[in-house]
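> Dropping a prediction and its sequence here:
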There are 4 protein chains.
Amino acid sequence: MKPSVGFIGLGLMGRPMAANLLKAGYDLTLWNRTVSRADALVAQGAKRAATPRDVAAASEVVFTIVSDPPALESVLWGETGVFAGLRRGSVLVDSSTVSPALARRAASVAALQGAEFLDAPVTGGTWGAEKGELVFMVGGEAETLKRVELVLGAMGKRWFHLGPYGAGQTVKLAMNLILGLQVEAFAEALALVLRGGIAGEQLVEVLQSSMGRSGLIDIKAPMMLKGNYTPSFPLRLMHKDLGLALDLANQLGVPLPATAATRETYSAVKGAGKEDADFSVIASFWRKP
Amino acid sequence: MKPSVGFIGLGLMGRPMAANLLKAGYDLTLWNRTVSRADALVAQGAKRAATPRDVAAASEVVFTIVSDPPALESVLWGETGVFAGLRRGSVLVDSSTVSPALARRAASVAALQGAEFLDAPVTGGTWGAEKGELVFMVGGEAETLKRVELVLGAMGKRWFHLGPYGAGQTVKLAMNLILGLQVEAFAEALALVLRGGIAGEQLVEVLQSSMGRSGLIDIKAPMMLKGNYTPSFPLRLMHKDLGLALDLANQLGVPLPATAATRETYSAVKGAGKEDADFSVIASFWRKP
Amino acid sequence: MKPSVGFIGLGLMGRPMAANLLKAGYDLTLWNRTVSRADALVAQGAKRAATPRDVAAASEVVFTIVSDPPALESVLWGETGVFAGLRRGSVLVDSSTVSPALARRAASVAALQGAEFLDAPVTGGTWGAEKGELVFMVGGEAETLKRVELVLGAMGKRWFHLGPYGAGQTVKLAMNLILGLQVEAFAEALALVLRGGIAGEQLVEVLQSSMGRSGLIDIKAPMMLKGNYTPSFPLRLMHKDLGLALDLANQLGVPLPATAATRETYSAVKGAGKEDADFSVIASFWRKP
Amino acid sequence: MKPSVGFIGLGLMGRPMAANLLKAGYDLTLWNRTVSRADALVAQGAKRAATPRDVAAASEVVFTIVSDPPALESVLWGETGVFAGLRRGSVLVDSSTVSPALARRAASVAALQGAEFLDAPVTGGTWGAEKGELVFMVGGEAETLKRVELVLGAMGKRWFHLGPYGAGQTVKLAMNLILGLQVEAFAEALALVLRGGIAGEQLVEVLQSSMGRSGLIDIKAPMMLKGNYTPSFPLRLMHKDLGLALDLANQLGVPLPATAATRETYSAVKGAGKEDADFSVIASFWRKP
């Protein structure tokens, strides 16, 4: 029998994920800070809860996917938080991108309440969320993952069990570091050829015939050439993720020199008021005044 | 009728390129600093010249592909250099990776002698050189390119006319900057997950299911995991190319913060005596002592 | 009449500061996580409290100086924390180096309890703490500062009122950024001349005849040449402060490229197990393996 | 008896240096690319030569101080260059800031002509040049230095014999790296406090009471606060010197991460058209658009 599912966080990723759960026939209880974002899903049969605590109290499996560590802390802890309602025997799955340390902290609080925890951040973007083709990077107990595989299967095509609590977050941060640097590398290369008097389209055409090609640049480059920065992944989130990767690396004593340099570019462009544009907006760092 | 072709520089790239010219039926005159490297090609019918000057004197189209700017200067200039023998009406094609400024300087000397010049660095690696599938990034006059397209076609599958003298070098440097940073990004991500207690294979597996995937990392990552740094592109050449990209950017006043940070990693690993290993050997920067 | 003073945190800085308060005749109540560190001061007349709460309950002015933001949170909040005992009308002065945001948070909690707050991190090192020659960088209300000037005067020679809550921390982080980079700059210069075959003593001698001279390098350089890294300011604290400066800058959208690069050097050396050595131990980053 | 002295390069440094030689009674022969710059000195008794070669032919000791490596190459080599006239038994002293490799190359050409060479870049700025208080950083043979000490004494107060040919340049580059980073560090700190709402004057006041104080910042900071970038050392020269330091370090395999990051800031500001302003103009990198 299908477990009852709770879902907290109905942003760009959370809404299509929740929609897929509903479509797959799960009994779904929702909460979102901005209440109206749940309306369409409620119209399709989901239940609306008044607080994260109420979501937890109503669910055997609870998903959270919010924008950053403080947002996760605010939905998990406190009087109306998930932990105030989390049921013994339930599973809490966090798909936000946060620090491994926060994942471990949540896991231990869940354990104190007799519940299980997984950190399970996702990759695949809004497109993957809509198609149900997300990839989950999972940290926690293998048995816990087994318990929720069917539910994950409603939202994604693959899940990787990467290690103990926090391992999913570690790999997610490593991946976003790579994505953030790929865009930085292309933006630097683009700035160089443009200032050298060569059209950006030519750089892209050559790249696409070469080993320098990558899926991300295939998608982002044409938009960067046009100055089209409609967000598929907002700068503020990439900036946050690079910060989390650097925090983790600094705790571990692993130098990440290119990531550190790159984060400052993102910071400058965020400081120029572009935090809600797509993260590829860092190309504007090199625009002549 | 096929033009007579000269070829100077029989390194990892030059040898298979020259072999393809021979196979395509070109009358080929060769020179290489280390004489013995020409032996196999001479056995197959190529002529050996005593100096770069003699190569130029014998050829309607002259190719050079050497390791760095000083090497190019030494084969072009001086008493026994190409310019001492370059024929009026001939075409000099440099496929080395050097600065756009050096390309422009060579072009103007060639012009003084009534010859034409193209900068035409290549991408595709030794694999592409062997299969005749190189991509040429060309700077110079479109008419000159027309004159040598058939010859290029014996070595490569595509050529891009990117602008005036030096444009080929500018785009090549931009491309190698991207390749250098892709490997740095993966190496940083790998160091982070390893220190976080996660196997590198897991990072690679997840990456390959994601947007972070790239052709270069698909190839390099498995070798980096094994610590196999057999050179397909030696560290010293990537280090040199990142330096040339930074020199160019600094002349143009274009900041390249991640490239600058990355170059220092390559420098440190070169300083540790690994300059002849593959450039992916930068992963060893993070090995615990 | 002299106010009763509480003092929480008896590390390298806190002990001499508290000793000076005692010497100046203040009625002093102490608390430190490691209890024995208070012994000598108690022998000289200070009172020992069982918890930070008890310190606050006994004092008109409460000083805190602990190692990092989590340590400050743990002494301020919670059942046995300062805020559980803070008296209406008292003044809480935090001389730890933490984020401006945490200073503002502490200020607002203090205000809710009818107490006043100052962030007042110090500079001058253990030497300045012992001599009573610290400099206080103060954020908060000017009137509050007036109320505690006499007390500050027992520990330091100067105080600067820099703005509202958090301003002291902002300036302190800016200052430590400068100190952290001065040592990095000298360490890089030293690595360069050493690898170039020149004795480090010669670099120092020339520097001291030049504009490149600085008070910090005058002190640190001779020790760095000898490989003497006895801590006057431990690496882990400088690493933390550079991280706080970068966090602040990233929130404000101010790129700090050299600070970001520098922090990674500190991180690597911390990761090599040297976090308790003096921060000038970053020179070991360049030691040949 | 006083040797005849030749002097090539009458820029901001060269003119006061030559004037001091004249004042000290040396028989002086001059050359400068821009002829008129020699007028005042000629009016005071110096002889004007038509070419660097003629300077060398007329002199027992020849000084060169020009802006960069290509400028030095152009005055030393070629038909009208110093080497075309350099007398057997003479001493060539180069006080430009160039690479150690170029110094070694000049030394070996001088030796072939029976002349001696010193690399002797200076520190002390135009102020030191005018007062005759320069410091010379000398590479070459100790005996050669002995031979010219009296002459150096007319222009400077100290000279340091640092090692073989090139050692003077190595130490000079190390020193300018420190100066370049000191200004970067202050500029970053300033940007941080300004964006944090604190007046730059307050940062400076606190710094001057602290260990963060340095001679350079004492002088530069007040001008940077006012946006006064009258050049005492132009950005383009500091940018060039940071580039030379990085080139040297990269040849030696010494990573200089903060220098590399800093150079990119200088590059960006140079690219914004400010290369002739004082190098402290990098503070404008952080000005809000």
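Nice, thanks for sending it over.

> all strands of chain A, in order?
With strands called from DSSP state E, chain A shows them at A:5-8, A:28-31, A:47-48, A:61-64, A:91-94, A:116-119, A:122-123, A:134-140, A:156-163.

> just those: most buried one?
strand A:5-8 (a mean of 30; mean count of other CB atoms under 10 Å in any protein chain shown). Any C-beta I mention is one placed from the backbone N, CA and C, and that applies to glycine too.

> Check which helices and strands it sits against.
Contacts defined by 3 or more CB pairs under 8 Å, 6 or more residues apart in numbering or on different chains; DSSP states H and E place strand A:5-8 against helix A:14-23, strand A:28-31, helix A:52-57, strand A:61-64.

> need the contact list for A:Gly78.
A:Ala84 (CB atoms under 8 Å, 6 or more residues apart in numbering or on different chains).

> Kindly recompute the last result at 10 Å.
Contact analysis of A:Gly78 by CB atoms under 10 Å, 6 or more residues apart in numbering or on different chains lists A:Thr51, A:Pro52, A:Arg53, A:Ala84.

> which bits of the stretch 101-250 of chain A sit near chain C?
Proximity of the stretch 101-250 of chain A to chain C, by CB under 10 Å from any CB of the partner chain, involves residues A:His239, A:Lys240, A:Leu242, A:Gly243, A:Leu246, A:Asp247, A:Ala249, A:Asn250.

> Contacting chain B as well, which ones from those?
Okay, of these touching chain B (CB under 10 Å from any CB), that's A:Leu246, A:Ala249.

> for the residues of the stretch 101-250 of chain A next to chain C, which one is nearest B:Asp39?
A:Ala249 (50.4 Å; CB to CB).

> The closest one contacts B:Arg195, correct?
Yes - counting by CB atoms under 10 Å, A:Ala249 does reach B:Arg195; the two are 7.8 Å apart.

> Now list whatever residues contact both of those two.
Here A:Ala249 and B:Arg195 share the contacting residues C:Gly271, scored by CB under 10 Å, 6+ apart.

> More neighbours: which of those two?
Each of A:Ala249 and B:Arg195 has its neighbours counted (other CB atoms under 10 Å in any protein chain shown); A:Ala249 has more, 27 against 18.

> Close to chain D: what parts of chain A are there?
Listed as neighbours of chain D in chain A under the rule CB under 10 Å from any CB: A:195, A:255, A:257, A:260-261, A:264, A:268, A:271-272, A:285-289.

> now the residues you listed in JSON lines, with pLDDT?
Converted to JSON lines, the residues of chain A next to chain D look like this (pLDDT from 0 to 100):
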{"residue": "A:Arg195", "pLDDT": "96"}
{"residue": "A:Pro255", "pLDDT": "97"}
{"residue": "A:Pro257", "pLDDT": "98"}
{"residue": "A:Ala260", "pLDDT": "98"}
{"residue": "A:Ala261", "pLDDT": "98"}
{"residue": "A:Glu264", "pLDDT": "98"}
{"residue": "A:Ala268", "pLDDT": "96"}
{"residue": "A:Gly271", "pLDDT": "94"}
{"residue": "A:Ala272", "pLDDT": "94"}
{"residue": "A:Phe285", "pLDDT": "95"}
{"residue": "A:Trp286", "pLDDT": "95"}
{"residue": "A:Arg287", "pLDDT": "81"}
{"residue": "A:Lys288", "pLDDT": "60"}
{"residue": "A:Pro289", "pLDDT": "45"}
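
> Which ones, among these, also lie beside chain B?
A:Arg195, A:Pro255, A:Pro257, A:Ala260, A:Ala261, A:Glu264, A:Ala268, A:Phe285, A:Trp286, A:Lys288.

> now those residues: which count as buried?
A:Arg195, A:Pro255, A:Pro257, A:Ala260, A:Ala261, A:Glu264, A:Ala268, A:Phe285, A:Trp286 (16 or more other CB atoms under 10 Å in any protein chain shown).

> what's the burial count for the residue in the stretch 1-150 of chain A positioned nearest to chain D?
Closest approach between the stretch 1-150 of chain A and chain D, counting by CB to the nearest CB: A:Pro70, at 20.6 Å. Number of residues near A:Pro70 (other CB under 10 Å) recorded here: 10.

> Check A:Lys131 too.
Other residues close to A:Lys131 by other CB under 10 Å number 15.

> dump the residue contacts of the residue sitting furthest away from the middle of chain A.
Most distant from the centre of chain A: A:Gly197, at 37.7 Å, with distances by CA atoms, centre = their mean. Under the criterion of CB under 10 Å, 6+ apart, the neighbours of A:Gly197 are B:Pro100, B:Leu162, B:Gly163, B:Pro164, B:Gly166, B:Ala167, B:Thr170, B:Leu252.

> For the last one, which non-adjacent residue is closest in space?
The shortest distance from B:Leu252 to any residue other than its chain neighbours is 4.5 Å, reached at A:Arg195 (CB to CB, 6 or more residues apart in numbering or on different chains).

> picking that back up, now the two most distant members of the contacts of A:Gly197.
The span of these, defined through CB to CB, is set by B:Leu162 and B:Leu252 at 16.2 Å.

> For the closest residue to A:Gly166 other than its chain neighbours, give me the pLDDT.
Using CB to CB, 6+ apart and skipping residues adjacent in sequence, the residue nearest A:Gly166 is A:Pro100, 3.0 Å away. pLDDT for A:Pro100: 98.

> now swap in the one 4 residues further on and tell me
At A:Arg104 the predicted local confidence, pLDDT, stands at 98.

> Please report how far it lies from B:Ser99.
In this view, A:Arg104 and B:Ser99 are 51 Å apart by CB to CB, to the nearest Å.

> ok, those two, which is more surrounded?
The neighbour count for A:Arg104 versus B:Ser99, taken as other CB under 10 Å, is higher for B:Ser99 (22 against 19).

> residues in contact with the residue of the stretch 51-200 of chain A found nearest chain D?
The stretch 51-200 of chain A approaches chain D most closely through A:Arg195 (7.7 Å), counting by CB to the nearest CB. Going by CB under 10 Å, 6+ apart, A:Arg195 touches A:Trp286, A:Lys288, B:Thr170, B:Leu248, B:Ala249, B:Gln251, B:Leu252, B:Gly253, B:Val254, D:Gly271.

> Out of these, flag the one nearest to chain C.
Nearest to chain C, judged by CB to the nearest CB, of the contacts of A:Arg195 is A:Trp286 at 13.1 Å.

> Tell me who's in contact with A:Leu235.
Contacts of A:Leu235 by CB under 10 Å, 6+ apart are A:229, A:266-267, A:269-270, A:274-282.

> Buried ones among the residues you listed?
Using 16+ other CB under 10 Å, the buried members of the contacts of A:Leu235 are A:229, A:266-267, A:269-270, A:274-275, A:277-282.

> In helices only, show me those residues.
Counting by DSSP state H, these place A:Tyr266, A:Ser267, A:Val269, A:Lys270 in helices.

> mind checking pLDDT for the second one?
Note on A:Ser267: pLDDT of 97.

> what do you get for the last one?
Here the pLDDT value assigned to A:Lys270 is 96.

> State the number of residues packed around the closest residue to it other than its chain neighbours.
Among residues not flanking A:Lys270 along the chain, C:Gly253 sits closest, at 4.8 Å (CB to CB, 6+ apart). Counted with other CB under 10 Å, the neighbours of C:Gly253 add up to 19.

> Would you mind measuring from C:Gly253 to A:His239?
9 Å.

> shared neighbours, these two?
Counting by CB under 10 Å, 6+ apart, the contacts common to C:Gly253 and A:His239 are A:Tyr266, A:Ser267, A:Val269, A:Lys270, A:Glu275.

> In contact with the third one: list those residues for me.
Applying CB under 10 Å, 6+ apart to A:Val269 gives the contacts A:187, A:235, A:239, A:275, A:277, A:279, A:281-285, C:253, C:255.

> closest to B:Asn20 among the residues you listed?
Nearest member of the contacts of A:Val269 to B:Asn20, counting by CB to CB, is A:Ala187, at 35.9 Å.
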